[in-house]
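1. predicted model and sequence below, questions to follow.
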Amino acid sequence: MLTIILNLLEVAAWSGIAALGFGILFNIPKGVIPTVFILGFTAGLIKFSLIHFNVHIVLATFIAVFFVGIICMPVAHKIHHPPVVFCIPPTIPMIPGYFAYETVLSVMNFIFMEDNQAKRVELIDAIFTNGFTMIFILISIAAGISLPMLLLRKNTVKKIEN
């Protein structure tokens with residue numbers, strides 16, 4: 001149990017570091033660096049905790065990004081910076097690079113390398129499985145960021161805090 005918790009904290013710390021790296025790459029103000037790290041850490045902790053409890057990666061990603069989207073609005077108001085500064089860097093590490101890589105690799109193997117018919121059927125399955133997982137993760141990221149901003153924009157953040 002302790003090793004599971006330590007592994008989740010380690011992955012969450014790396015998510016926070018990745019969010020921090022993307023924030024620095026996008027030249028965020030120095031005063032918001034700790035906040036971006038904490039949001040990235042928390043989003044990674046939520047995502048990988050849910051995955052550990054057998055929640056599908058698409059839903060886990062959506063919940064984690066939705067959390068970031070909800071939290072970034074009041075935080076942005078409190079720290080006096082645009083919400084984009086807080087919501088984009090923590091979500092970039094959640095982009096499904098592994099699934100994109102596996103999709104492209106399967107396509108390349110299918111087109112250029114494989115002559116065995118049974119192996120080609122496996123590659124088609126891998127193309128569709130990884131490709132659709134990648135697409136749905138990207139959709140969940142877009143929806144998870146957009147929905148809170150659209151929902152919270154109707155009421156100002158000042159009214160939410162009171």
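-> Happy to help now that I have it.

2. mind listing the helices for the chain?
-> With DSSP state H applied, the chain shows helices at 2-25, 33-52, 57-79, 83-91, 97-108, 117-154, 157-161, listed in chain order.

3. can you list these in TSV and add mean pLDDT?
-> Shown next, in TSV, are the helices of the chain (pLDDT from 0 to 100):
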stretch	mean pLDDT
helix 2-25	94
helix 33-52	95
helix 57-79	92
helix 83-91	90
helix 97-108	95
helix 117-154	91
helix 157-161	55
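
4. which stretch among these is buried most, on average?
-> Counting by mean count of other CB atoms under 10 Å, helix 83-91 has the highest mean neighbour count of the helices of the chain, with a mean of 23. Placement of C-beta: from N, CA and C, glycine included.

5. tilt between that one and helix 2-25?
-> If you take axes from the mean of the first three to the mean of the last three CA atoms, to 10 degrees, helix 83-91 sits at 130 degrees to helix 2-25.

6. just checking, what packs against helix 83-91?
-> Other elements packing on helix 83-91 under the criterion 3 or more CB pairs under 8 Å, 6 or more residues apart in numbering; DSSP states H and E are helix 2-25, helix 33-52, helix 57-79, helix 117-154.

7. make CSV out of those and add distance to M108.
-> As requested, the helices and strands packed on helix 83-91 are exported to CSV (distance: least, CB to CB, whole Å):
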stretch, distance to M108
helix 2-25, 27
helix 33-52, 28
helix 57-79, 23
helix 117-154, 9
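
8. to G97, which of the ones you listed lies closest?
-> helix 117-154 (8.8 Å; CB to CB).

9. what's the closest non-adjacent residue to the spatially most central residue of the chain?
-> The C-alpha lying nearest the average C-alpha coordinate of the chain belongs to M94 (CA atoms, centre = their mean; 2.6 Å). Closest residue to M94 apart from its sequence neighbours, by CB to CB, 6 or more residues apart in numbering: T61 at 5.4 Å.
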